[in-house]
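In: Provided below are the primary sequence and the corresponding predicted coordinates.
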Amino acid sequence: MSKQTDLRKPAQTFAGEVFQWTACAIFLCGAALHLLRLLIGTERLSADFLTPLVDGAFGFIMIVSAAAGWLAFRRLEAGRGMTILYLFAVAFITVSIPIHIRSLIVWSTDLYGLFPAWASMAEIPLFLALAYLTTRFRFD
């Protein structure tokens, strides 16, 4: 094997790094938006911050993150517990994509008003924990 070959990273390893960066950003933004929702209310959040365009862009970042996360799975170096957490994080992002892309299609973020405030209170610590965990994943 030449030195040039040794220096190149496999595509799945690069995908792992993309997943780590995008997932961490997604979870941190999610925690911030849910906190903001609790502080200013859903109506003002939707009107001033989480517009359909912003939410749709968030959805497209989720598509990139989910695709990278699934591609990188084969390169994940982790025990059983971290593997389960990794799959949970990737699946959580994947399942959330339609919710955020919907805002672009119907040009409304009114859906978020249907979720009770306790959901935000539960998601803030969950998202912060997931943001931290994404920094702990390693790929070969």
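Out: Arrived safely. Nothing here was measured: the structure is a model prediction, and the numbers come from that model. Residues are numbered from 1 along each chain as shown.
In: do you know how far the residue nearest to I40 when sequence neighbours are not counted is from Y132?
Out: Of all residues not flanking I40 in the chain, D48 sits nearest, at 7.9 Å (CB to CB, 6 or more residues apart in numbering). From N, CA and C alone the C-beta is placed, and that goes for glycine too. Counting by CB to CB, to the nearest Å, the gap from D48 to Y132 is 28 Å.
In: buried ones in the helix or strand F14 falls within?
Out: F14 belongs to helix 11-40 when assigned by DSSP states H and E. By neighbour count on 16 or more other CB atoms under 10 Å, the buried set for helix 11-40 is 12-16, 18-20, 22-24, 26-28, 30-31, 33-37.
In: hey, where'd the helices end up in the chain?
Out: Using DSSP state H, the helices assigned to the chain run over residues 3-7, 11-40, 42-48, 52-72, 80-106, 117-136.
In: other SSEs contacting the second one?
Out: Yep, that's helix 11-40 we're talking about. Helices and strands touching helix 11-40, by 3 or more CB pairs under 8 Å, 6 or more residues apart in numbering; DSSP states H and E, are helix 42-48, helix 52-72, helix 80-106, helix 117-136.
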